[in-house]
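**Student:** Predicted structure and sequence below. I'll ask about it afterward.
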Amino acid sequence: MIYYSNLEEDLYTLAKFVVEQNYNHHATVQPENLCEEIDSVYREEYSLTNSKVFIASTSENQIIGSIRVLKWNFIDCLPIKSVFDIDPLSLYEDNEIYHIGRFAIKGSGENKGFKVFKTLMTYAINEVCKTPGSITLAECDVKLLNVIKLLGIEVKILAKSKLYLGSETIPVLLSYSSLRNFLSKNKELIKQDHKNYTFA
C-alpha cells in the first residue's frame with residue numbers, strides 16, 4: 001500500500017524506520033545513541049514545510065519503504081545544508097528547488113525490494129516533475145547512488161562523501177531531464193488511489 005501523510009506520529013514513524021534501516025543495511029552494530037539519532041531526524045523532518053512523505057506497506061500495515069519529497073521554501077534548513085554545509089541558494093538559477101530524502105527500504109526479497117524502490121522513486125519524481133526545469137537535491141549512500149545511475153538518472157556530485165546514519169553518503173543534484181525520462185517510463189506505477197496499491 002502506498003500512502004502519504006505529514007501527521008506528527010507518521011513523521012516519527014518515518015524517522016525511526018529510516019534510521020533503523022540505514023544501520024541495519026550499512027553498519028555492523030547499532031549505535032548507542034540510536035534514539036538520539038531518531039529524535040534528531042524527526043525534529044528535522046517536523047521543522048520542514050511543503051513536504052510529502054510516501055510510505056509503502058504490506059496488507060498487514062508493515063512498513064517496507066519510505067521516501068520524502070519537498071518543494072523548498074528558501075527558508076527551511078535542508079539536510080544538504082546541515083550535514084554537508086552546502087547552501088542550496090548557491091545552486092539557485094531562478095528555478096524551483098526540490099529535495100528528496102529519507103529513502104529507505106526494509107530488507108526483503110530482491111525483486112520485491114526493487115519494485116518498492118522504483119515505485120517510491122516514481123511517486124517522488126512525479127512531484128518534482130510538476131514544476132518543469134526544477135532543481136532536485138538529495139543525499140545518497142554509495143549503493144543507492146549506483147542504482148540511481150543504472151536507472152538512467154543523471155547526477156552531479158556536489159561534495160565529498162561523509163558518514164551519515166551509518167553509511168557513506170554523497171550530496172547530489174539530479175538532472176530534471178533524466179528524472180522526466182524516468183517518470184515517463186514508469187508512470188504506470190502511480191495509482192490514483194494510493195491506498196489500493198498494496199505490496200503483498
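**Tutor:** Thanks, I have it.

**Student:** Which other helices and strands does the helix or strand containing residue 127 contact?
**Tutor:** Following DSSP states H and E, one finds residue 127 within helix 110-128. With contacts taken as 3 or more C-beta pairs under 8 Å, 6 or more residues apart in numbering; DSSP states H and E, helix 110-128 sits against strand 2-4, strand 51-57, strand 63-71, strand 97-105, helix 176-186. Where C-beta positions appear, they are placed from N, C-alpha and C, glycine not excepted.

**Student:** How far off centre is that helix?
**Tutor:** Averaging C-alpha positions (C-alpha atoms, centre = their mean, to the nearest Å) puts helix 110-128 10 Å from its chain's average.

**Student:** got it, and stretch 131-147?
**Tutor:** That offset, for stretch 131-147, works out to 9 Å (C-alpha atoms, centre = their mean).

**Student:** gap between the two ends of it?
**Tutor:** Stretch 131-147 has its terminal residues 25 Å apart, counting by C-alpha to C-alpha, to the nearest Å.

**Student:** Show me which residues of it are buried.
**Tutor:** Of all the residues in stretch 131-147, those buried under the rule 16 or more other C-beta atoms under 10 Å are 134-141, 144-145.

**Student:** now the nearest residue to residue 105 once chain neighbours are set aside: how far from residue 54?
**Tutor:** Nearest residue to residue 105, sequence neighbours excluded (C-beta to C-beta, 6 or more residues apart in numbering): residue 65, at 4.8 Å. From residue 65 over to residue 54 the distance is 8 Å, taken as C-beta to C-beta, to the nearest Å.

**Student:** Now for those two: what residues contact both?
**Tutor:** Contact criterion C-beta atoms under 8 Å, 6 or more residues apart in numbering; residues shared by residue 65 and residue 54: residue 120.

**Student:** Is residue 61 within a helix or a strand, and which one?
**Tutor:** Secondary structure (DSSP H and E) places residue 61 outside all helices and strands.

**Student:** follow-up on the earlier one: the helix holding residue 127 to strand 63-71, inter-axis angle?
**Tutor:** Using axes from the mean of the first three to the mean of the last three C-alpha atoms, to 10 degrees, the direction of helix 110-128 lies 20 degrees away from that of strand 63-71.

**Student:** tell me the angle of helix 110-128 relative to helix 176-186?
**Tutor:** 120 degrees.

**Student:** Show me what counts as buried in helix 110-128.
**Tutor:** Neighbour count says helix 110-128 has 112, 115-128 buried, by 16+ other C-beta under 10 Å.

**Student:** Check the gap between the residue located most distally from the centre of the chain and residue 23 for me.
**Tutor:** In the chain, residue 32 marks the outermost C-alpha relative to the chain mean, sitting 24.8 Å out by C-alpha atoms, centre = their mean. Going from residue 32 to residue 23 by C-beta to C-beta gives 12 Å.

**Student:** OK, contacts around residue 33?
**Tutor:** So residue 33 contacts nothing (C-beta under 8 Å, 6+ apart).
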